[in-house]
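J.: When you get a sec, could you give me coordinates for this:
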Amino acid sequence: MEKVDVSNRFHGLLALPIDPETGKDLCIICFQCERICPDRCIHIEAEGKGKERVLTRFDIEMDKCCYCGYCVEVCPTEAIVFVPHYEASTYNRDQLLYNLDDLHRAAPKEPIARGIIGGRVP
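T.: Numbers count the residues shown, from 1 in each chain. From the prediction side, this is the model:
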């Protein structure tokens, strides 16, 4: 089946890119995305305090997500982004729970620049 080209502002699946310079998560564990989510589908856990804090869990229940983009907009480090993947149908709802590793794998390999009106552009 032919893939459809989508707009740069398309709200597809979510991903967590890795910083290409450091090889670490861009997430600073501020919990803003978790707090702003109207569907309560983002779940974050961390260990440690202050700058020593380490991300131990970042789950997104994609079956509950309404793709509003609030999490992407509120993130101060652009650690959570939309990607142009739209084929997420499945017979098993458990496959729509994306953990930290799944979200890293879904991230684009090249850096993403911030677009106009909350869109992401390559």
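
J.: How far off centre is stretch 70-89?
T.: 4 Å (CA atoms, centre = their mean, to the nearest Å).

J.: In the protein, mark out all the helices, start to finish.
T.: Secondary structure of the chain by DSSP state H: the helices cover 32-36, 70-74, 100-106.

J.: Work out the gap between the first one and the centre of the chain.
T.: Helix 32-36 has its average C-alpha position 12 Å from the chain's average C-alpha position, going by CA atoms, centre = their mean.

J.: who's in contact with it?
T.: By CB atoms under 8 Å, 6 or more residues apart in numbering, the surrounding residues in contact with helix 32-36 are 42-44, 70-72, 74-76, 80. Quick note: C-beta positions are derived from backbone N, CA and C, even for glycine.

J.: Quick one: residues in contact with the top strand by length along the chain.
T.: As assigned by DSSP state E, the longest strand anywhere in the chain is strand 54-61. Contacts with strand 54-61, where a contact means CB under 8 Å, 6+ apart, come from 14, 16, 25, 27, 29, 39, 41-48, 96-100, 103.
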